[in-house]
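S.K.: Coordinates for the following, if possible.
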Amino acid sequence: MKKTLLVSAVAAAMAVPAGAYAAASDGLYGRIRLGLQQIGTSPAKLGSKESGGLDLVSGKLVFGFKGSSDLDNGMQVSYKVELENDSADSESSGWSNDASYIALSGGFGTFAAGEYGSMAGYACGGTDLLTYGTADACELGLNTSPKNAIHYRGGSGMLEFGVIYITDGELNGDTSSSVGAKFSGESWSVGGQFTDVGLNSGDFSGQSGIVDGESGSQIGATFQLGNIGLGVTVGDNGAVTDSGGVDLGLYMPLGAGNLALVVSTMDTPNSDSADIEYKAPMGGGLSWGVEWNSQDSWADDRITGYLDLNF
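M.R.: Sure, this is the predicted structure:
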């Protein structure tokens with residue numbers, strides 16, 4: 001990989017913990033993100049860009065409301081309704097329902113219906129660290145909240161596991177399913193997620209990164225060495241081409257913020273990549289970050305600076 005030696009030389013200076021946002025308490029919450037991206041003079045690698053130079057990117061806008069209520073029998077009912085607008089980043093057009101669910105929790109675990117989230121974190125907790133770039137092996141399986149799904153999460157002590165049943169099929173009504181588990185120690189974890197996509201799964205195959213009628217998997221581990229975190233993920237999308245890959249992640253505190261490095265080695269030719277991100281808080285839910293992304297097939301690297309507001 002053309003950037004491997006460069007990245008190795010600066011690996012001691014990189015890392016950012018996973019960037020998934022969660023509201024701290026019940027009630028209204030949101031997220032606004034705005035970035036400027038320099039993509040050089042060869043924008044073909046970013047298919048939505050018409051010219052090189054600076055571009056305004058990822059005008060992410062999220063609004064949601066969540067709540068919970070304790071029941072007399074020791075159980076709890078919780079819910080979340082979330083709307084997201086990704087038009088500025090061409091992820092989708094206009095507003096979309098995102099990560100909305102109702103759940104019942106107790107000593108038995110948690111049952112939820114809706115978009116409750118995947119179990120990719122079991123395998124990708126130490127590698128899925130970036131705001132703009134991707135841990136490519138993690139993207140070969142289910143790494144998003146599946147629509148129209150029924151979830152169960154359980155376990156105790158060192159073991160956590162879950163099952164997802166997705167009813168998003170079309171035509172013949174084929175359904176999809178995913179199972180996952182994670183085994184954790186004091187400073188390490190090992191886990192995986194395995195997803196089977198129906199032959200006529202409709203919209204879901206686009207969510208999962210796995211083609212209709214195939215199965216995908218993600219297996220990974222995380223290790224904590226003092227303030228330094230290390231992660232590895234192996235992914236496979238089960239396609240006829242047997243596309244697979246390996247992600248390596250490193251993250252640690254640096255100054256007032258955190259530094260992250262992700263390197264991906266893929267079976268597909270010219271698709272190896274390297275990514276570095278530094279992110280630091282500014283107070284009041286506002287943070288800033290800068291991210292560098294490179295892939296072997298790209299004529300130019302890209303650099304993105306952004307502001308992120310969580311409320």
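
S.K.: which stretches of this protein form helices?
M.R.: Secondary structure of the chain, counting by DSSP state H: helices at 4-9, 121-124, 204-208.

S.K.: just checking, Q224 touches W188?
M.R.: Yes: with contact defined as CB atoms under 8 Å, Q224 reaches W188; the gap is 7.0 Å. From N, CA and C alone the C-beta is placed, and that goes for glycine too.

S.K.: where does the stretch 201-311 of the chain dip in pLDDT?
M.R.: 201-209, 239-242 (pLDDT under 70).

S.K.: Which residue, neighbours along the chain excluded, lies closest to T233?
M.R.: With sequence-adjacent residues excluded and distances taken as CB to CB, 6 or more residues apart in numbering, T233 is closest to G220, at 3.6 Å.

S.K.: Kindly report the same for G192.
M.R.: Leaving out its chain neighbours, the residue that sits closest to G192 by CB to CB, 6+ apart is I219, at 4.1 Å.

S.K.: same thing with A137?
M.R.: Leaving aside its sequence neighbours, A137 sits nearest to G235 (CB to CB, 6+ apart; 3.4 Å).

S.K.: For S264, see how far away the residue nearest to G192 is.
M.R.: According to CB to CB, to the nearest Å, I219 stands 15 Å off from S264.

S.K.: count of residues packed around P253?
M.R.: By the criterion of other CB atoms under 10 Å, P253 has 15 neighbours.

S.K.: hey, what's it bridged with?
M.R.: Counting by DSSP bridges, P253 forms beta bridges with N258.

S.K.: pretty sure it is touching G226, no?
M.R.: No: using CB under 8 Å, P253 makes no contact with G226, being 10.2 Å away.

S.K.: Looking at I219 and S264, which is more packed in?
M.R.: Under the neighbour definition other CB under 10 Å, I219 and S264 were set side by side, and S264 has more, 26 against 19.

S.K.: Give me the pLDDT for the nearest residue to D174 once chain neighbours are set aside.
M.R.: Excluding the flanking residues, the one nearest D174 by CB to CB, 6+ apart is G198, at 2.8 Å. Confidence at G198, expressed as pLDDT, is 76.

S.K.: any idea how far D212 is from G198?
M.R.: Where D212 is concerned, G198 sits at a distance of 7 Å (CB to CB).

S.K.: joint contacts of these two?
M.R.: Listed contacts common to G198 and D212 are D174; contacts here mean CB atoms under 8 Å, 6 or more residues apart in numbering.

S.K.: mind listing the strands for the stretch 51-200 of the chain?
M.R.: Ranges of strands within the stretch 51-200 of the chain are 54-70, 76-85, 95-97, 101-106, 109-114, 149-154, 159-166, 176-184, 188-196, based on DSSP state E, counting those that start in this stretch.

S.K.: Can you give the strand pairings for the third one, parallel or anti for each?
M.R.: Each strand pairing with strand 95-97, determined using DSSP bridges, is listed with its direction: strand 76-85 (antiparallel).

S.K.: Mind listing residues that contact the partner strand?
M.R.: With CB under 8 Å, 6+ apart as the test, strand 76-85 has contacts from 59-71, 94-106.

S.K.: angle of that strand against strand 109-114?
M.R.: Interaxial angle, strand 76-85 versus strand 109-114 (axes from the mean of the first three to the mean of the last three CA atoms, to 10 degrees): 40 degrees.

S.K.: and the residue nearest to P281 when sequence neighbours are not counted, what does it touch?
M.R.: Take P281 and drop its neighbours on the chain: the residue closest to it by CB to CB, 6+ apart is S287, 4.7 Å away. Residues near S287 by CB under 8 Å, 6+ apart: 257, 279-281, 307-310.

S.K.: Got a quick PyMOL command for the buried subset of the residues you listed?
M.R.: Buried members of the contacts of S287, defined by 16 or more other CB atoms under 10 Å, are picked up in PyMOL with:
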select buried, resi 257+279+280+308+310
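
S.K.: Go through the contacts of S287 and flag which are in strands.
M.R.: If you go by DSSP state E, the contacts of S287 have 257, 279-281, 307-310 in strands.

S.K.: got a markdown table for those residues, with distance to D174 too?
M.R.: As requested, these are arranged in a markdown table below (distance: CB to CB, whole Å):
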| residue | distance to D174 |
| --- | --- |
| G257 | 45 |
| K279 | 40 |
| A280 | 46 |
| P281 | 45 |
| L307 | 43 |
| D308 | 38 |
| L309 | 41 |
| N310 | 38 |
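
S.K.: Tell me which two of these sit farthest apart.
M.R.: Farthest pair in these (CB to CB) is G257 and L309. Separation: 15.8 Å.

S.K.: I'd assumed W288 was in contact with K279.
M.R.: Yes: if you go by CB under 8 Å, K279 and W288 touch, sitting 7.3 Å apart.

S.K.: Thanks a lot, catch you later.
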